[in-house]
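Asker: Let me see the structure of the following:
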Amino acid sequence: MRYQPSTDSIGVAPIAVGTSADASETAITRLRAALHEAAEAAVEAGIELEPWMQAAWAAYVEHRPGLRQHIEEAQLASQIDELRQRGQVGQA
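Answerer: Next up is the predicted model:
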């Protein structure tokens, strides 16, 4: 069974393509439809929320070059700051 979203179910009215704002809204509409379909498939397969969200996040990060490295660097900087505040690491 394939989910066919209506404007009522996802809250987006149909739009005309032509401007970059329209293209952005079209992409959001397509994304919402894909997410609804993925959620329906997950529920039908009996997949719990946490694994589904982890898979969605992994797919998103996979398609954003550099995002994983940026997150890792931010986490490392935060950990170093925390260690410095506790006096366990000196400042250079």
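
Asker: where in the protein is pLDDT low?
Answerer: Scanning the chain for pLDDT under 70 picks out 1-19, 92.

Asker: how does it divide into domains?
Answerer: 1-47, 48-92 (automatic domain parsing).

Asker: Let me know which of those is tucked in deepest.
Answerer: For the domains of the chain, the largest average neighbour count (mean count of other Cβ atoms under 10 Å) is found in domain 1-47, namely a mean of 12. All C-beta spots, glycine's among them, are computed from the backbone N, C-alpha and C.

Asker: can you give me the helices in the protein?
Answerer: 7-10, 20-45, 49-62, 67-85 (DSSP state H).

Asker: mind giving me a markdown table with those and columns for distance to Q91?
Answerer: Formatted as a markdown table, those follow (distance: least, Cβ to Cβ, whole Å):
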| stretch | distance to Q91 |
| --- | --- |
| helix 7-10 | 51 |
| helix 20-45 | 44 |
| helix 49-62 | 32 |
| helix 67-85 | 6 |
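
Asker: how much space between E82 and E40?
Answerer: 42 Å (Cβ to Cβ, to the nearest Å).

Asker: ok, now V89?
Answerer: 49 Å.

Asker: again, but for L76
Answerer: As judged by Cβ to Cβ, L76 and E40 stand 38 Å apart.

Asker: again, but for W57
Answerer: 19 Å.

Asker: now S78
Answerer: Counting by Cβ to Cβ - S78 and E40 are separated by 37 Å.

Asker: And Q79, by the same measure?
Answerer: In terms of Cβ to Cβ, Q79 sits 39 Å off from E40.
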